[in-house]
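Trainee: need a 3D model of the sequence below.
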Amino acid sequence: MTTEQIVLASRPTGLPVSNNFRMEQVELPEIKAGEILLKGMYYSVDPYMRGRMNDAKSYAPPFEIDAPITGSVVLQVVESKSEHYKAGDVVVGSFPWQKDFISNGKDVRKIDTNLAPASYYLSILGMTGLTAYFGLMHIGKPKAGETVVVSGAAGAVGIVVGQIAKIQGCHVVGIAGSDEKTKLLTSAFSFDDAINYNTTTDMNKAIAAACPKGVDVYFDNVGGEISDAVIKNINFHARIPLCGQISLYNSTEIPMGPRLQPMLLTRSVLMQGFIIGNFQARFPEGIQMLAQWIEEGKLKFTETIEHGFENLPKALLGLFKGKNTGKMIVEA
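Mentor: Presented below is the predicted three-dimensional model:
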């Protein structure tokens, strides 16, 4: 059979464009004994993918030119010649941007769609939720009564971080890019306050007003001028989990900003970068806690779902224009 895939046609300079991607057809071999035929259902679209489009050393190898983008995918078993899977099973794994796959079953794990919708295993019960959980709980170490600020707060990770901080008894302030998003954070996701950075002329003053006791934990998804303003309000012995720098991913030169080290030094602040793979051995702990909070009604989530496999590049570009609220997912 033939199937379709989306490959990286060229490396972007600055913000990616549609011409950096190309749709191709590819032949699949016959399914053999012990193998399963899979069809993609939901595809995860994540900011880190932009970094892997560059030919640069990082924690993961760059995507190759003329080869597919890869990411987390929820798939359904269409045909099985394996004793471990049957047609209709729903699984998750890391796969190329491709419609159909043949697998030996070792690169996927079954998921329970009775516990949560299938797409949640790409988001709140997947890498998104685990990133929020471990970044906040094991680097941020929030304590009841402290103030937690989250940038990119209406994004997939940010929404979860804020709610977990509230569960810990913190005062939580989110930073997002529209009035619609800031209202959603306070009305639906328990944030105490939210700031629209696009309509705020003085971020330093706005953060000071929203955080009268200063900032104890800053969960940084964004970097740039927003982080400069938050760190100006940072408290002694504060913690900064460094999760993302989405404002800088498309920079074509190294940006110059305030020198933050004196503030970190004199206030004894911990700033620690991390990737979710650092905590892989502890994933069961995180999934158990996230699932418990969902069941107790303490943790809610939202997704932005694009429809159509061919819209994967459009969905990725939308991340850098603030088109998503919560997790960006493409449904095939």
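Trainee: so what's the residue nearest to L8 when sequence neighbours are not counted up against?
Mentor: Nearest-residue entry for L8: F63, 4.8 Å, with adjacent residues in sequence omitted and distances by Cβ to Cβ, 6 or more residues apart in numbering. In this view, the C-beta of every residue, glycine as well, is placed from N, C-alpha and C. Residues near F63 by Cβ atoms under 8 Å, 6 or more residues apart in numbering: L8, M49, R52, M53, I69, T70.
Trainee: F63 in helix, strand or coil?
Mentor: Here F63 is recorded as coil under DSSP: H, G, I helix; E, B strand; the rest coil.
Trainee: tell me the phi and psi of it?
Mentor: phi -60, psi 150 (degrees, to the nearest 10).
Trainee: could I get the full set of helices for this structure?
Mentor: Taking DSSP state H as the criterion, the chain carries its helices at 48-52, 127-135, 156-167, 179-188, 203-210, 224-231, 261-266, 283-295, 312-319.
Trainee: which one of those helices lies nearest to T13?
Mentor: helix 48-52 (12.1 Å; Cβ to Cβ).
Trainee: packing partners of the closest one?
Mentor: Judged by 3 or more Cβ pairs under 8 Å, 6 or more residues apart in numbering; DSSP states H and E, helix 48-52 is in contact with helix 312-319.
Trainee: buried residues in the helix it packs on?
Mentor: L312, P313, A315, L316, L317, G318, L319 (16 or more other Cβ atoms under 10 Å).
Trainee: again with stretch 88-96
Mentor: D89, V90, V91, V92, G93, F95, P96.
Trainee: same question for stretch 280-296.
Mentor: Residues of stretch 280-296 classed as buried by neighbour count (16+ other Cβ under 10 Å): F283, G286, I287, M289, L290, A291, W293, I294.
Trainee: which one of the buried residues of helix 312-319 is nearest I254?
Mentor: Nearest member of the buried residues of helix 312-319 to I254, counting by Cβ to Cβ, is L319, at 22.0 Å.
Trainee: give the contact list for the closest one.
Mentor: V45, D46, P47, R50, I246, M328.
Trainee: what about burial for the contacts of F63, which qualify?
Mentor: Listed as buried from these are L8, M49, R52, M53, I69; burial here means 16+ other Cβ under 10 Å.
Trainee: the fourth one reaches L8, doesn't it?
Mentor: Same thing as M53. Yes. Assessed by Cβ atoms under 8 Å, M53 is found in contact with L8 at 6.3 Å.
Trainee: what ranges does the stretch 1-150 of the chain have for its strands?
Mentor: Here the stretch 1-150 of the chain has its strands, by DSSP state E, counting those that start in this stretch, at 2-8, 21-27, 36-44, 70-80, 90-96, 100-103, 108-110, 147-151.
Trainee: mean pLDDT lowest for which of those?
Mentor: Mean pLDDT is lowest for strand 108-110 out of the strands of the stretch 1-150 of the chain, coming in at a mean of 93.
Trainee: so which residues make contact with that one?
Mentor: L38, L75, Y85, D89, V90, V91, V92, G93.
Trainee: where does pLDDT dip in the stretch 151-300 of the chain?
Mentor: 249-252 (pLDDT under 70).
Trainee: and V74, what are its bridge partners?
Mentor: Beta-bridge pairing for V74 (DSSP bridges): Y42, V92.
Trainee: which residues touch it?
Mentor: Counted by Cβ under 8 Å, 6+ apart, V74 has contacts G40, M41, Y42, V90, V91, V92, I111, A118, S119, Y121, L122.
Trainee: hang on, the earlier thing: separation between the residue nearest to L8 and A9?
Mentor: F63 is 11 Å from A9, where distance means Cβ to Cβ, to the nearest Å.
Trainee: what residue in the protein is the furthest from its centre?
Mentor: What lies farthest from the middle of the chain is A33; by Cα atoms, centre = their mean that is 36.3 Å.
Trainee: what residues are up against the nearest residue to that one once chain neighbours are set aside?
Mentor: Sequence neighbours aside, K81 is the residue nearest to A33 in space, at 5.2 Å (criterion: Cβ to Cβ, 6+ apart). For K81, the contacting residues are I31, K32, A33, G34, E35, I36, by Cβ under 8 Å, 6+ apart.
Trainee: need the contact list for the fourth one.
Mentor: Going by Cβ under 8 Å, 6+ apart, G34 touches K81, S82, N104, G105.
Trainee: now pLDDT and distance to E146 too, for those, in CSV please.
Mentor: Formatted as CSV, the contacts of G34 follow (pLDDT from 0 to 100; distance: Cβ to Cβ, whole Å):
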residue, pLDDT, distance to E146
K81, 97, 54
S82, 97, 49
N104, 96, 48
G105, 95, 45
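Trainee: no more questions from me, cheers.
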